[in-house]
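K.L.:
Could you look at this predicted model? Sequence included:
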Amino acid sequence: MHDLIRRGPKPAVLTAEQAAALVNDGATVAVGGLISVLCPEKVLAALEQRFRTTGQPRDLTVVTPVRVGWQPGTGLEHFTPPGMLRRLVSGSFSDRDSPALAQLVAENQIEAYSFSMGTLFEWLRAIGSGQPGWLTPVGVGTYLDPRHGGGRQNECAREDFVRLVTFEGEEYLFYPARPIDVAIIRATTADERGNLTLEDEPVTLGGLEIAMAARASGGLVIAQVKRRAAAHTLPARNVAVPGIFVDAVVVDPEQRQSLLPDNAAWTGSVRAPRDELTQPLPLDVRKVILRRAAQEIRPGDVVNLGVGIPVGLPQLALEENWLEDITFSLEHGAVGGVPTGEEVFGAHWNPDAFLSSPQVFEFYHGGGLSVSLLGFAQVDGAGNVNVSRFNGRFRGSGGFIDICHRTQRLVFCGTLTTGGLDAVVDDGRLSIRREGRVAKFVPLVEHLTFNAHQALKRGQSCLYVTERAVFRLGPNGLVLTEYAPGVDVRRDILDRIGCRAAVDPAVRPMDAHLFRADKAEVGA
């Protein structure tokens, strides 16, 4: 089938089945996309069908900075027939969207490694530029560090993907370069010379860097697109991946922007009216947490959001009229505008600009973010945070470690307990009707996604905001600084956490306005 690929200046135009036939046994395949966005679903489905029919390709290594697939049987699930996948290297995992894949990991049927999203994008960029690997201080002291697991997610993952090195007296993590045999990426339009544009896409997700890594390795680049255009008709400024990197094009006219109906306001081609975007949040514990977290935001801040409770902040900013005072930046590339919710996390309504994925993480690694609101699954007494592996679930860290590395102010947001928690907000007070079964503040986090000691060394400000208590990170760990009106500090807070926390001598009630229906005095 290799006689089908590029000869001369034009890439081959193939069916998905023909493209799938280009992948050899044992290949390392880099896949672009984010859940349903930019997911090359047609090509991945053809790969699975080829394997089920012929038993090839076998023993693949799949590298994906961000997981792809939005429900069972999509995205990475296409690699789950026994024998097809040997190793998965990913920034994140989902047992909800990819249960068959999660089962392979849990049962040690494949090797599973998880590294931070920014690390994987920068590693691919290093491969594409012929460097020996990627050297970075990001992740030192976290589960990426060989002293804490080196990114391994199960027992059969024994290979050393990362090394701890010392350079000029400082510790770094080094990820040696590895060849990429096949890159499978997606775009909107390809012209006859293989130039790719992203006019219908809400993010970029490093398609160029993935393609360059394969090209530098002597590998193949397969691009799935919605449509083709004549040569020399695409505006040069719009080309995201030049045709010189593309070997084969697969056309899928049914390709969708995401799971939701296509939205031109996500691409910047139109701007949605503000009244269509504003959806006031109900007065509940999530809104209380967001309002308190917003008190840490200042005019002019560049603000990042994690999944979970923080995704509601843009709606709070719209509702309480301080959106224009700040700029949102999520790690998937859009800058400005209004980030959407979890259904298409990473897209923004009315974005001002787009960065490539490596550019985003270089900005974050350099300390460009003012404040980040992030979720948490577990917090321990030292202030360490776990979002990547807990209660037997493999999640990975996504961009969490990259975001935490140099952000000036970190605000971790979540309820104090979970699993049946019933807490009611009413007239300036909080009432706990039923306590959650699971404590989220624990003696020791199961997985070290955020290392509080490293943050203290870097001089970062860290706050942990719940519906009933606010803790700050002090030199010796957690310090209780605020409590919700209506709760008892001993009964409802200190006795409900599974770790020690100091109590600030100046501990005080949280602002009662946070618990009232009228506009809170919070935000930028």
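P.N.:
Looks like it arrived, so ask away.

K.L.:
Which stretches in the stretch 201-350 of the chain count as helices?
P.N.:
For the stretch 201-350 of the chain, applying DSSP state H, counting those that start in this stretch gives helices covering 207-216, 274-277, 285-294, 313-319.

K.L.:
Run through who's touching the last one.
P.N.:
In other words, helix 313-319. 274, 277-281, 287, 290-291, 293-294, 303, 305, 323, 326, 328, 338-339, 373, 519, 523-524 (CB atoms under 8 Å, 6 or more residues apart in numbering). Bear in mind the C-beta positions are built from the backbone N, C-alpha and C, glycine included.

K.L.:
Please indicate which of the residues you listed are buried?
P.N.:
Buried members of the contacts of helix 313-319, scored by 16 or more other CB atoms under 10 Å, are 277, 281, 287, 290-291, 293-294, 303, 305, 323, 326, 328, 338-339, 373, 523-524.

K.L.:
and the helix or strand of the chain with the lowest mean pLDDT, which strands flank it?
P.N.:
For the chain, counting by mean pLDDT, DSSP states H and E, strand 393-394 ranks last in confidence among helices and strands (a mean of 86). Applying DSSP bridges, strand 393-394 is found paired with strand 389-390 (antiparallel).

K.L.:
Could you break the chain into its assigned domains?
P.N.:
The chain breaks down into these domains under automatic domain parsing: 2-251, 276-515.

K.L.:
Tell me which of those sits nearest to residue 268.
P.N.:
Closest of the domains of the chain to residue 268 is domain 276-515, at 5.2 Å (criterion: CB to CB).

K.L.:
okay, residue 49: pLDDT?
P.N.:
Looking at residue 49, its pLDDT stands at 98.

K.L.:
The one 5 residues further on now?
P.N.:
Residue 54 is assigned a pLDDT of 98 by the prediction.

K.L.:
Residue 345 now?
P.N.:
87.

K.L.:
measure it to residue 339 for me?
P.N.:
8 Å (CB to CB, to the nearest Å).

K.L.:
what does residue 512 give?
P.N.:
29 Å.

K.L.:
tell me the SS of residue 364?
P.N.:
What DSSP: H, G, I helix; E, B strand; the rest coil gives for residue 364 is helix.

K.L.:
Would you agree it is in contact with residue 405?
P.N.:
Yes. Applying CB atoms under 8 Å as the test, residue 364 and residue 405 come out as touching, 6.9 Å apart.

K.L.:
follow-up on the earlier one: for residue 472, find the nearest of the helices of the stretch 201-350 of the chain.
P.N.:
Closest among these, once you apply CB to CB, is helix 285-294, at 12.4 Å.

K.L.:
Residue 201: what's it in contact with?
P.N.:
37, 38, 187, 188, 257, 267.

K.L.:
what sits against the second one?
P.N.:
With contacts defined as CB under 8 Å, 6+ apart, the neighbours of residue 38 are 32, 185, 186, 187, 201, 203, 205, 207.

K.L.:
For the second one, which three-state class applies?
P.N.:
Translated: residue 185. strand.

K.L.:
in stretch 299-317, what's buried?
P.N.:
So for stretch 299-317, counting by 16+ other CB under 10 Å, buried means 301-317.

K.L.:
and if you look at stretch 76-87?
P.N.:
For stretch 76-87, by 16+ other CB under 10 Å, it's 76, 77, 78, 79, 80, 84, 85, 86, 87.

K.L.:
Need the residues that contact that stretch.
P.N.:
Applying CB under 8 Å, 6+ apart, the contact partners of stretch 76-87 are 26, 31, 44-45, 47-48, 51-52, 55, 57-62, 64, 67-69, 88, 90, 98, 100-101, 104, 109-113, 157, 159.
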